[in-house]
Structures are given as structure tokens and as C-alpha cells.
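[1] The following block contains a protein sequence and its predicted model.
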Amino acid sequence: MQRCGMRGLVFAGLVLLAGVVLTPDARAQTAAERGKYLVMVAGCTDCHTPGHFLGNPDMTKYLGGSNVGFFIPDLGTFYGPNLTPDPETGLGKWTDDQVIHALQTGERPDGRVLAPTMPWRAYAGMKRSDVADIVAFLRSLTPVRNKVPGPFGPSEKATSFVFKILPPGG
């Protein structure tokens with residue numbers, strides 16, 4: 001019985017090793033391919049693709065900026081910006097280091113702080129190489145010319161659909 005158990009353990013180990021050897025290595029991906037995967041699992045499309053929150057994402061404007069904003073009391077309304085490399089309405093004029101800095105610190109090149117709904121604190125814990133892969137993917141996108149509304153201050157009226165984030169009892 002013990003001998004059969006040992007054979008089973010050895011067999012399981014060989015199967016596991018074969019799976020590791022035969023499985024394509026994630027490092028064999030290009031930086032942009034890995035970045036695409038990270039963007040997908042991070043859910044970037046949710047806040048940065050028009051129509052996503054309305055149940056009909058416009059994939060011709062993939063990551064081109066949202067048409068749905070988030071209203072936060074005392075702060076205002078914020079729309080997920082255009083992440084494509086368009087130089088006028090997207091990240092086209094930002095350097096790779098500026099994009100990485102914004103993703104990991106919540107601060108834009110102009111010093112403005114990203115909207116509180118942007119989960120940059122989660123990205124702050126990522127390895128810089130992973131964030132650089134995200135940037136490589138964003139750079140590979142077709143530029144989309146799409147200026148999102150806002151941001152709007154707390155007393156300003158938003159010009160597009162808005163989700164309201166309210167505290168309990170609000």
C-alpha cells in the first residue's frame with residue numbers, strides 16, 4: 001500500500017512537471033500581450049470604455065473614455081478618461097514614466113490627483129514591470145479621439161449619465 005502511494009505521488013509529480021514544461025511560459029508573451037491580460041483582469045474596460053456601464057460597450061472606442069460619470073459628494077463628477085494614445089484626448093502626449101507614475105501614485109503629470117474611484121492604490125502594489133506592460137498595451141491601441149466630459153465640481157451640472165456614490169443615509 002505504501003509502495004503504491006509512493007508511485008502515485010511520483011506519477012502526480014511527473015504529470016505536474018510535464019504540465020509546467022509543456023505550458024507556454026507567460027514570460028514568452030510580448031509586453032503588450034501581457035499588458036492586455038492585466039488590463040482585462042483589472043477591469044479597466046468597465047470605467048474607460050463608452051457604453052460599458054449602460055450594458056452596451058462601444059468596442060470601436062475600446063478604452064477611449066467613458067460616457068458615464070461618478071458623482072461623489074463634496075468632490076464632484078468624474079468620468080473615466082481616454083486611455084488610448086490619441087495625443088489630443090488620450091494619453092498620447094504622456095511619457096511611459098508619466099503613465100506609470102499616475103497608475104502607481106494617483107497623480108497626473110499636471111499634479112492633479114486622480115478621481116477617488118480610480119483604484120491606483122491597487123496598482124501601487126504591482127511590480128513596475130507589470131505596470132510597464134499595461135503601458136505597452138495602451139500604446140498598442142488604435143488612437144481614439146474622444147474627449148470625455150468633466151470633471152465637474154460638486155455644484156456643477158454634469159452633461160452625461162452619472163452614477164451617484166452616496167454615504168449611508170444619503
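    Structure's in. What do you need? Numbers count the residues shown, from 1 in each chain.

[2] going forward, measure contacts between C-alpha atoms and count neighbours the same way
    Noted.

[3] Kindly export stretch 65-83 (C-alpha atoms) in PDB.
    This file holds the C-alpha atoms of stretch 65-83, laid out as PDB (Å, rounded to 0.1, in the frame of the first residue of the first chain):
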ATOM      1  CA  GLY A  65     -13.100  57.100 -22.200                       C
ATOM      2  CA  SER A  66     -16.500  56.600 -20.500                       C
ATOM      3  CA  ASN A  67     -19.800  58.300 -21.100                       C
ATOM      4  CA  VAL A  68     -20.900  57.600 -17.500                       C
ATOM      5  CA  GLY A  69     -19.600  59.600 -14.600                       C
ATOM      6  CA  PHE A  70     -19.300  59.000 -10.900                       C
ATOM      7  CA  PHE A  71     -20.700  61.700  -8.600                       C
ATOM      8  CA  ILE A  72     -19.000  61.800  -5.200                       C
ATOM      9  CA  PRO A  73     -20.500  64.200  -2.600                       C
ATOM     10  CA  ASP A  74     -18.300  67.300  -1.900                       C
ATOM     11  CA  LEU A  75     -15.900  66.300  -4.800                       C
ATOM     12  CA  GLY A  76     -18.000  66.300  -8.000                       C
ATOM     13  CA  THR A  77     -18.400  64.100 -11.000                       C
ATOM     14  CA  PHE A  78     -15.600  62.200 -12.700                       C
ATOM     15  CA  TYR A  79     -15.600  60.300 -16.000                       C
ATOM     16  CA  GLY A  80     -13.100  57.500 -16.800                       C
ATOM     17  CA  PRO A  81     -10.700  59.200 -19.300                       C
ATOM     18  CA  ASN A  82      -9.500  58.100 -22.700                       C
ATOM     19  CA  LEU A  83      -6.500  55.700 -22.300                       C
END
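
[4] How far away from the center of its chain is that stretch?
    Remark: stretch 65-83 is offset 15 Å from the chain centroid, using CA atoms, centre = their mean, to the nearest Å.

[5] From the rest of the structure, what touches it?
    Contacts to stretch 65-83, defined as CA atoms under 8 Å, 6 or more residues apart in numbering, come from residues 47-53, 63-64, 89-91, 115, 117, 138, 144, 146-156, 158, 160-166.

[6] which ones among those residues are found in helices?
    Judged by DSSP state H, helices contain the following of the contacts of stretch 65-83: 47, 48, 138.

[7] from those, which is closest to residue 121?
    Nearest to residue 121, judged by CA to CA, of the ones in helices among the contacts of stretch 65-83 is residue 47 at 16.1 Å.
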